[in-house]
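In: the sequence and its predicted three-dimensional model are supplied below.
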Amino acid sequence: MNHEEPMREAIALAERGRGEVEPNPRVGCVLLREGEVVARGFHEWFGGRHAEAMALAEAQANGVRPDTAVVTLEPCSTQKGIDGKKTDPCVQALVAAGVRTVVIGSVDPDPRHRRQGIAALEHAGIEVIDGVLASHCDSLLLPFRRALSLDRPWMLGKWAMTLDGKTAAPTGEARWISGPEARKKTHELRARCDGVMVGFRTAQIDDPELTVRHVAGKQPIRIVVDPLGEIDDDSNLVRTCKQAPTWLLASEDVDPRRSGHLQDLGVTVILVPVAEGPRRLHLGQAFRELQRRGLRRVLVEGGGGLVAQMLSWNAIDQVLAFVAPKIIGGRFAPTPVAGEGRPFMAEAWRLGDVKYEPYGQDLAISGFME
């Protein structure tokens, strides 16, 4: 049997998870019975069900028992909860469903799990055929391979800006640049991340809540990069920290009385070394600590100073920018990336795998750092 046609369909399905599943891999799955497609699935969003589970659920709903699974990536065999895994192993589900053949595109590039799923399938008596359209399937895994090399969470930089690249008016007023469709998407992203992070100036000026609204989903940890502990006691983030956890990344040199006071209010203060003066934290160590505490995907919502620092630390992996059809103008209106910038166009930070999508009247531009 020629497995390339269903694998091409599985690849197309996997691409639908682009930008939503990272740092996890994009995966698509097609289920067959006697050579005919009976169900499809793909990994839709970070923390959601895997492609195999989605396809098996569709087959069960249709009352069909598949005999073959065609999947772009080696099915997982790791138990839920291990290494931060959020779902049950797909190998177990395929065996329970009575699948007799599994066709695989790419072998798992994670050395901790490589070929373990294949071995588990073969041990259960299932025929495994791997390497089908392997190069095409491997191309789906470029962000996943980047994530495997990181010693920090995956960082997704998100902002909304006007057509002339401003994130607020010269007065600092910024509500609302984007429309309701883009704002709803932001809340979906928050619900699908482990943490949502801002700099201390954004926390002061915008006084955000950083909560999940307008959509169903879990509340991420709210994180403020605030070296001197300057966040106001009556800010939304501090006032609600017992309802929605708030972490403060502060300097080891912060006034211990201030740090203790914030902790008494319910804020978790994480002390990290400074890198360049009292207002510049060693972001490498700060973000490693976030990973150590179990965070794998963090949404960064500004401001421009924090984003600039993160770019200089090579600590932004993915970008989502909403461009609104509005013009603010003004030399002093803030932009998404502050700091000194890059001196020459040839040195500009660049995005690859770029995608353009409309959200109401706004245009979403997304991509991955090259």
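Out: That came through fine.
In: number of nearby residues for residue 288?
Out: 16 (other C-beta atoms under 10 Å). Glycine gets a C-beta too; all of them are placed from N, C-alpha and C.
In: quick check: it is in a strand.
Out: No. Per DSSP: H, G, I helix; E, B strand; the rest coil, residue 288 lies outside any strand segment and is helix.
In: neighbours around residue 319, how many?
Out: 23.
In: so it is in which element?
Out: strand 318-324 (DSSP states H and E).
In: list the contacts of that strand.
Out: Surrounding strand 318-324, the residues in contact under the criterion C-beta atoms under 8 Å, 6 or more residues apart in numbering are 19, 22, 143, 154-163, 177-179, 182, 185, 189, 336, 351, 359, 361-369.
In: what subset of those is buried?
Out: 19, 22, 143, 154-162, 177-179, 182, 185, 189, 336, 351, 359, 362-364, 366-369 (16 or more other C-beta atoms under 10 Å).
In: so residue 365, which of the three states?
Out: strand.
In: for it, what are its contacts?
Out: 319-321, 323, 354-356.
In: same question, residue 41
Out: Contacts of residue 41 (C-beta under 8 Å, 6+ apart): 13, 28-29, 31, 49-58.
In: how about the strands in the stretch 251-370 of the chain?
Out: Using DSSP state E, counting those that start in this stretch, the strands of the stretch 251-370 of the chain run over 268-272, 297-300, 318-324, 351-359, 362-369.
In: can you name every helix or strand that the first one contacts?
Out: Based on contacts counted as 3 or more C-beta pairs under 8 Å, 6 or more residues apart in numbering; DSSP states H and E, the elements that strand 268-272 packs against are strand 246-251, helix 256-265, helix 283-292.
In: quick one: distance of that strand to the chain centre.
Out: Centroid displacement of strand 268-272 relative to its chain, using C-alpha atoms, centre = their mean, to the nearest Å, is 23 Å.
In: quick check: buried residues in stretch 115-125?
Out: Buried-residue list, stretch 115-125, by 16+ other C-beta under 10 Å: 116-118, 120-121.
In: now, which of those sits nearest residue 301?
Out: Relative to residue 301, the closest of the buried residues of stretch 115-125 is residue 117; by C-beta to C-beta it sits at 36.1 Å.
In: now do the SS call for the closest one.
Out: Strictly by three-state DSSP, residue 117 counts as helix.
In: give the contact list for residue 246.
Out: Applying C-beta under 8 Å, 6+ apart to residue 246 gives the contacts 221-224, 237-238, 240, 266-268.
In: write the PyMOL selection for whichever of these are buried.
Out: Selecting only the buried entries of the contacts of residue 246 in PyMOL, with 16+ other C-beta under 10 Å as the criterion:
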select buried, resi 221+222+223+224+237+238+240+267
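In: closest one of the contacts of residue 246 to residue 106?
Out: residue 221 (32.1 Å).
In: how close does that closest one get to residue 193?
Out: For residue 221, the distance to residue 193 equals 9 Å [C-beta to C-beta, to the nearest Å].
In: so where's the stretch 101-250 of the chain uncertain?
Out: Along the stretch 101-250 of the chain, no part satisfies pLDDT under 70.
In: ok, and for stretch 4-22, which residues are buried?
Out: Buried-residue list, stretch 4-22, by 16+ other C-beta under 10 Å: 6-11, 13-14, 17-22.
In: got it, and stretch 289-302?
Out: Within stretch 289-302, the residues scored as buried using 16+ other C-beta under 10 Å are 289-291, 295-302.
In: dump that stretch to PDB, keeping only the CA atoms.
Out: Extracted C-alpha coordinates of stretch 289-302, given in PDB (Å, rounded to 0.1, in the frame of the first residue of the first chain):
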ATOM      1  CA  GLU A 289      14.300  29.500  37.400                       C
ATOM      2  CA  LEU A 290      10.900  29.800  35.700                       C
ATOM      3  CA  GLN A 291      11.600  26.500  33.900                       C
ATOM      4  CA  ARG A 292      12.800  24.900  37.200                       C
ATOM      5  CA  ARG A 293       9.400  25.900  38.700                       C
ATOM      6  CA  GLY A 294       7.600  24.000  35.900                       C
ATOM      7  CA  LEU A 295       6.800  26.700  33.400                       C
ATOM      8  CA  ARG A 296       7.200  25.600  29.700                       C
ATOM      9  CA  ARG A 297       5.400  28.300  27.700                       C
ATOM     10  CA  VAL A 298       5.300  32.000  28.700                       C
ATOM     11  CA  LEU A 299       3.400  34.800  26.900                       C
ATOM     12  CA  VAL A 300       5.300  38.100  27.000                       C
ATOM     13  CA  GLU A 301       3.000  41.100  26.700                       C
ATOM     14  CA  GLY A 302       5.500  43.900  26.900                       C
END
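In: between the helices and strands packed on strand 268-272, which gets nearest to residue 136?
Out: helix 283-292 (30.9 Å).
In: and that closest one, what other elements does it pack with?
Out: Applying 3+ C-beta pairs under 8 Å, 6+ apart, one finds that helix 283-292 makes contact with strand 221-225, strand 268-272.
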